[in-house]
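[1] predicted model and sequence below, questions to follow.
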Amino acid sequence: MAQDRRAALTAALAAAGLLALAPATGLAQITLKSPKWNELSPQERQVLAPLAQDWDSLDAQRKQKWRGVAQRYPQMKPDEQARVQEQMRPWAQLTPDERRKAREQSKSIAKLPPEQKSDVRQKWDEYQSLPPEKKRELATKPPSSGNKIPAPASTPPGAKPGTTGSR
């Protein structure tokens, strides 16, 4: 009986090893549902209305992410709903690389000390108040080194250099 178990275990391990070595093309791929605009529920179409024009050109993964936003939308506060609606179209039109960069920048801002976050917010508010022509002008200029968001300090304030600050 122990020999039978050992043989079955050996066979199972061998099969698992072969599957691990098998080329990925032989494995089934998971495909996400990619509904057309007219296949969305009325609630989804209402929430995702800013994307209507571009919806059918979005890839399946992006459609699923936006459908998730539409599902969470009713539980959002009114100011959150307004913000989602306002930011939906520009975000959807970004390339994957542009979205990745925006996420990285957001993470770096979140790590800043409060006073630096305040400075970033003030600069952003100033930028938002500029006329469209000035924004376009600034967009064509390469960023100056003084306008970059500073990287968070690798050593926490008050800690000795070379220490991590956590114990």
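    All right, it came through fine.
[2] after the helix or strand of the chain at the bottom of the mean pLDDT ranking comes which helix or strand?
    The helix or strand of the chain with the lowest confidence, counting by mean pLDDT, DSSP states H and E, is helix 2-21 at a mean of 50. Once the chain leaves helix 2-21, the next helix or strand it forms, by DSSP states H and E, is helix 42-47.
[3] buried sites along that next one?
    Glu44, Arg45, Val47 (16 or more other CB atoms under 10 Å). Using the backbone N, CA and C atoms, a C-beta is placed for each residue, glycine as well.
[4] so which residues make contact with it?
    Trp37, Ala52, Arg67, Val69, Ala70, Tyr73, Pro74, Val84 (CB atoms under 8 Å, 6 or more residues apart in numbering).
[5] greatest separation within those: which pair is it?
    Trp37 and Pro74 (20.1 Å; CB to CB).
[6] neighbour count: the two, which is higher?
    Trp37 (16 against 9; other CB atoms under 10 Å).
[7] now the more buried one: closest residue in space, sequence neighbours ignored.
    Trp55 (4.4 Å; CB to CB, 6 or more residues apart in numbering).
[8] number of nearby residues for the one you found?
    20.
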